[in-house]
Structures are given as structure tokens and as C-alpha cells.
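Participant: task: produce atomic coordinates for the following.
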Amino acid sequence: MPSEKITIIYDNRASREDLRPGWGFSALVEHDGARLLFDTGADKIVLEANAAALGVDLKSTDYLFFSHEHCDHVGAASSALHKDLTVVYPSSLSQTFNKKVVTAQAKSILVTEPIEFSPGFLSTGESGTTIKEQALIITGNDGPILVTGCAHPGIVEIARLATQIAKRPLSLVIGGFHLYKSKDAEIKKIADALRQLGVQQIGPCHCTGEHAIKILREAFGPDDLEVMVGTQIPL
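Facilitator: The predicted structure follows:
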């Protein structure tokens, strides 16, 4: 596999028998000489087992990027912490979580507004009202890639914001779209909106829901990417 890639470590579905599924999401991004872990999933046993099976060293990352504070995205944080790590976290994280995880690290980056915190890595900044969340933009060779945790503020709204920040259409949007309770008509409308934004390819997983994933895959056809534990996406 190419050295620059995204490896899915934690998701509801797994691509091999030696990988464990679990409700949550985590992905390792290797890009421009840096290694970034996006969220950690819920269960440290699942995260550590999948990392070992995939040959991922959780203690050799440069950044730990938290999308939001829900347990299925931060529950296994202790497995990913180490002394050389920089934590990139939204300002909405609770004081309890900050004290337990963020301040325990030597370096951290507090995010409110959009920011490029490392070459090739940008945060959308916090968006949303009831549940605030940040998403990751990667400057891929074929265009910007958006990685979302749960997309609580709305996947179309986040994709629109990321497109404005990147100043060009997104080549790929992957992660949780939070559509598992959505009706068919709403899901189809979201697929149309993403197409209108110029999104070339999608890889919905986690809280998107099996039914919504099926509808989105039908809408995007060959431009859909199946994402689960073990999926590797070249950049």
C-alpha cells in the first residue's frame, strides 16, 4: 500500500475476521510526513486489537484529532496518548475531559475557528449549536478530503463549510453522516446536495446507518467507497 493513506481502525463493520467491529469511529491518516489519529472509538480493547492486526503503532502518531466528546469517539483515548503527541481538540470539550486528556499532554491545539495546524491538515473549526463538532480537511492529490466524526451539525453543512475553506470541491467525504434515523426522502435530498456541492466520492460509515449507506451508495453509484475497519484509502 502507498505510504500516504487513510486506514480505518474503528467502525461498526469490519472487512476481515481478525478485525473487530464496534460502535464508534477512528482512522489513521498518514500524509506529508505526519501521522494523525482521528478520534479513538469507544473501547480501548477494540482499538488496540484492530491497530495491532493492521500494523498500526498508536504510540508513534504526531497528532490526535478529536471531532467531539461523545464516548464512541473519545472512549479509547487513553490507548492513544503518549509524550510526543499533539492533541487537536475543539473548545467545546468539557473541563473534565480537558483535565483528564488534553492537559496531560505536553502539546495541544485548541480549535474554535478554521485553522491549518500542520501542512496538509486543516480543521473546519467548530460548527453546530446543540452538539458542536470539528471535522478534518486533508489536502489530497486529487483534491481536498473531508473526514467527519458524526456530522451532528449536518453532513451537507459541514461539506459546504469545508468546500469554502478549501476553495475547491471535495474529492472525498468519509466518516459518520449521522443518518441512521433519517427517512429515505431526506437521505436522497442529502445525496443530491452533496453532488451539487461538487463532492466526487463518498465513504459513509459508522452512524450513517446501514439503510442510509445503501441509499447513498445507490445515489453515488461507482463514486461510492465502502468504508469499514481495515479499509485503506490512498491519498
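
Participant: C-alpha from now on. contacts and neighbour counts both.
Facilitator: OK.

Participant: low-confidence stretches in the chain?
Facilitator: For the chain, the stretches with pLDDT under 70 are 1-2, 106.

Participant: where do the strands sit along it?
Facilitator: Using DSSP state E, the strands assigned to the chain run over residues 5-10, 26-31, 34-38, 63-65, 86-90, 107-111, 115-118, 121-123, 136-140, 143-148, 172-176, 202-205, 232-234.

Participant: nearest to A191, out of those?
Facilitator: strand 202-205 (9.5 Å; CA to CA).

Participant: what sits against the closest residue in space to G176 that isn't next to it in sequence?
Facilitator: Sequence neighbours aside, C150 is the residue nearest to G176 in space, at 4.4 Å (criterion: CA to CA, 6 or more residues apart in numbering). For C150, the residues meeting the contact criterion (CA atoms under 8 Å, 6 or more residues apart in numbering) are 175-178, 206-207.

Participant: what's the answer for I109, then?
Facilitator: Residues near I109 by CA under 8 Å, 6+ apart: 86-89, 117.

Participant: picking up where we left off before, dump the contacts of C150 to CSV, plus neighbour count.
Facilitator: Formatted as CSV, the contacts of C150 follow (neighbours: other CA atoms under 10 Å):
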residue, neighbour count
G175, 27
G176, 24
F177, 26
H178, 22
H206, 28
C207, 23
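
Participant: closest to K167 among the residues you listed?
Facilitator: G175 (21.1 Å).

Participant: from H206, how far out is that closest one?
Facilitator: Shown here: G175 relative to H206, a distance of 7 Å by CA to CA, to the nearest Å.

Participant: now the contacts of C150 as CSV including distance to K100?
Facilitator: Formatted as CSV, these follow (distance: CA to CA, whole Å):
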residue, distance to K100
G175, 26
G176, 26
F177, 28
H178, 27
H206, 26
C207, 26
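
Participant: so which of the strands of the chain comes closest to T130?
Facilitator: Of all the strands of the chain, it is strand 86-90 that lies closest to T130, at 14.1 Å by CA to CA.

Participant: pairing partners for that closest one, with directions?
Facilitator: Applying DSSP bridges, strand 86-90 is found paired with strand 63-65 (parallel), strand 107-111 (parallel).

Participant: specify the residue positioned farthest from the middle of the chain.
Facilitator: Distance from the C-alpha centroid of the chain peaks at A185, with 25.3 Å (CA atoms, centre = their mean).

Participant: could you count how many residues lie near G120?
Facilitator: Neighbour count for G120, taken as other CA atoms under 10 Å: 15.

Participant: can you tell me how far the closest residue to it other than its chain neighbours is from E157?
Facilitator: Once flanking residues are discounted, G120 sits nearest to T139: 5.0 Å by CA to CA, 6+ apart. The gap separating T139 from E157 is 19 Å, by CA to CA.

Participant: can you check I165 too?
Facilitator: Note on I165: its distance to E157, by CA to CA, is 12 Å.
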